[in-house]
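Engineer: build me a model:
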Amino acid sequence: MLVFCTLLWAVSFPAIKALMLTQQTLLPAGTSWFFSALGVTYRFSLAGIILLLLTIKSMRTVNRREMEQGVILAGFGGLGIVFQMDGLAYTSASTSAFLTQGYCLFIPLWVALVNWRWPSFKIFLSIVLVLAGVGVLAEISLHSFRLGRGEIETLIASLLFTGQILMLEHPRYAENRPMCLSVVMLLGTGLVAAPMALATAPTASAWIQAYMSWAAVADLGIITIFCTLAAYGLMNAWQRRVTATEAGLIYCAEPVFASLMALFMPAMFSKFGGISYDNENLTLRLLIGGGLITAANVLLQSRWLEPKRTV
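Structural biologist: Numbering: from 1, shown residues only. Sure, this is the predicted structure:
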C-alpha cells in the first residue's frame, strides 16, 4: 500500500509542473511562491473537506491526541510541500522527485542520534550511496560546491517530511484513528499555507484568476483526489505497520515512478492545457544518480551485510 502511495505521489510532479506553467500564462504577475502556497491551500483544504464529509460520524468523537497529531503533521507537511512545489519551479520533475528522498538519509541519522549509537555499516554504506546520487543529480562540483534554488528548497522540504514520517510512528499516537487524524492534517495543511498565499498574492482576485481555465481546474482535481486525498489517507493508515526507517526507504520508489512518468506525461499535459512542457529525456545523469539512490534502497531492504544471528 505504501508503494502504491508513491505511485500516486509521482503523478503530482509532472501535474504540479504543468499547473504552474498554466498559471504563469493566466497570471503573469504571480510568483512561484504564490502559486505554490495557493496550490497547497486549495488541494489540501478540498481534500480535507471531502474526507470530512465521508467520515462525519467518526469526526464527532475526534479526541485530543488525534487533533494534536494532525496539527503537527500539518505543520511539517504544509511547510514541506510549499518548499517542494516552489523548488519544482526551478528544477526538473525527476530531479525534484529524487532529492525529495533525502529523508531516507535523515531518518536513520535521527534514529542513531536518539539511540546514542552509530549507524550500522549497512546504513552507513546506504547513506554514502544516497549522498553520491544526490550529488550526481544536482550536478555538484567538488571544486565549486553549490546547489541551485530548486535543489536547496527540495532538500529543505525533505527535512520537513522527515519530521512528518517520524511523527506518524510516535508511540504516543499509536491508538489514533487514521481517518480522523487525516482530516485534521489535511485541513491544517491548507491553513498553514493560506497566510503565505495571502501575503504573496499580487491582487485580491489572483486567487480566482490563477484557476480561470479548465486545464488548471483539471490539474488541481488530479492533484487533490489522487495525490492528496487518496495518497495521504493511505499513508496515515498503513505507515504505522512499519518503522520510520523502513517507510522512508519504501518511499524511495516515488522518484522511480516520477522519472518514468516525466518521460511521457508532460506532452499529455501540454496538449490538454495548451502549454509548452516537453517530456524529459532518460539522461546518463538521471540513470546514475537515480540508480545510486535506488541501490541504497535495495541494500537497506535486503539482508546483505546484516550480522549473523546466533542461537
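
Engineer: excluding chain neighbours, what is closest to residue 52?
Structural biologist: residue 183 (5.0 Å; Cβ to Cβ, 6 or more residues apart in numbering). (C-beta placed from N, C-alpha, C; glycine too.)

Engineer: the one you found reaches residue 70, doesn't it?
Structural biologist: Yes - with contacts counted by Cβ atoms under 8 Å, residue 183 reaches residue 70, the gap being 7.2 Å.

Engineer: quick one, which of the two is more surrounded?
Structural biologist: Ranked by neighbour count (other Cβ atoms under 10 Å), residue 183 and residue 70 place residue 183 first, with 29 against 25.

Engineer: give me the pLDDT for that one.
Structural biologist: According to the prediction, residue 183 has pLDDT 96.

Engineer: list the buried residues of whichever strand or helix holds it.
Structural biologist: Assessed by DSSP states H and E, residue 183 sits inside helix 178-200. For helix 178-200, the neighbour count (16 or more other Cβ atoms under 10 Å) marks 178-190, 192-194, 196-197, 200 as buried.

Engineer: burial check on the closest residue to residue 105 other than its chain neighbours, number of neighbours?
Structural biologist: Of all residues not flanking residue 105 in the chain, residue 130 sits nearest, at 4.8 Å (Cβ to Cβ, 6+ apart). Around residue 130 there are 26 other residues, counting by other Cβ under 10 Å.

Engineer: same check on the one 5 residues further on?
Structural biologist: Here the neighbour count serves as a burial measure; for residue 135 (other Cβ under 10 Å) it reads 16.

Engineer: just checking, what packs against the strand or helix carrying it?
Structural biologist: Counting by DSSP H and E, the element that carries residue 135 is helix 121-137. Applying 3 or more Cβ pairs under 8 Å, 6 or more residues apart in numbering; DSSP states H and E, one finds that helix 121-137 contacts helix 93-100, helix 103-114, helix 284-301.

Engineer: how does it look with 6 Å?
Structural biologist: Judged by 3 or more Cβ pairs under 6 Å, 6 or more residues apart in numbering; DSSP states H and E, helix 121-137 is in contact with helix 103-114, helix 284-301.

Engineer: next structured bit after it?
Structural biologist: Sequence-wise, the next helix or strand downstream of helix 121-137 (DSSP H and E) is helix 149-168.

Engineer: so who does the residue nearest to residue 52 touch?
Structural biologist: Neighbour list for residue 183: 48, 51-52, 59 [criterion: Cβ atoms under 6 Å, 6 or more residues apart in numbering].

Engineer: in helices, which of those residues appear?
Structural biologist: The helices, defined by DSSP state H, take in 48, 51-52, 59 from those.

Engineer: nearest to residue 285 among those residues?
Structural biologist: Distance to residue 285 across the ones in helices among the contacts of residue 183 (Cβ to Cβ) is lowest for residue 48, with 38.2 Å.

Engineer: close enough to count as contact, that closest one and residue 186?
Structural biologist: Yes - using Cβ atoms under 6 Å, residue 48 is in contact with residue 186, at 3.3 Å.

Engineer: okay, and the helix or strand of this protein with the least pLDDT?
Structural biologist: Ranking every helix and strand in the chain by mean pLDDT, DSSP states H and E puts helix 93-100 at the bottom, with a mean of 75.

Engineer: distance of residue 63 from residue 69?
Structural biologist: From residue 63 across to residue 69, the span is 10 Å (Cβ to Cβ, to the nearest Å).

Engineer: low-confidence ranges in the stretch 201-311 of the chain?
Structural biologist: 301, 305-311 (pLDDT under 70).

Engineer: switch to 50 and redo it
Structural biologist: Within the stretch 201-311 of the chain, the set of residues satisfying pLDDT under 50 comprises 311.

Engineer: just the helices from it, written as ranges.
Structural biologist: Assigned by DSSP state H, counting those that start in this stretch, the stretch 201-311 of the chain shows helices spanning 206-209, 214-224, 231-238, 244-250, 253-261, 265-273, 284-301.

Engineer: now do the fifth one: which elements does it pack against?
Structural biologist: In this case it means helix 253-261. With contacts defined as 3+ Cβ pairs under 6 Å, 6+ apart, helix 253-261 has these neighbours: helix 2-26, helix 93-100.

Engineer: recalculate using a threshold of 10 Å.
Structural biologist: With contacts taken as 3 or more Cβ pairs under 10 Å, 6 or more residues apart in numbering; DSSP states H and E, helix 253-261 sits against helix 2-26, helix 93-100, helix 284-301.

Engineer: before we move on, back to that, between residue 48 and residue 186, what contacts are shared?
Structural biologist: 70, 74, 224, 228-229, 232 (Cβ atoms under 10 Å, 6 or more residues apart in numbering).
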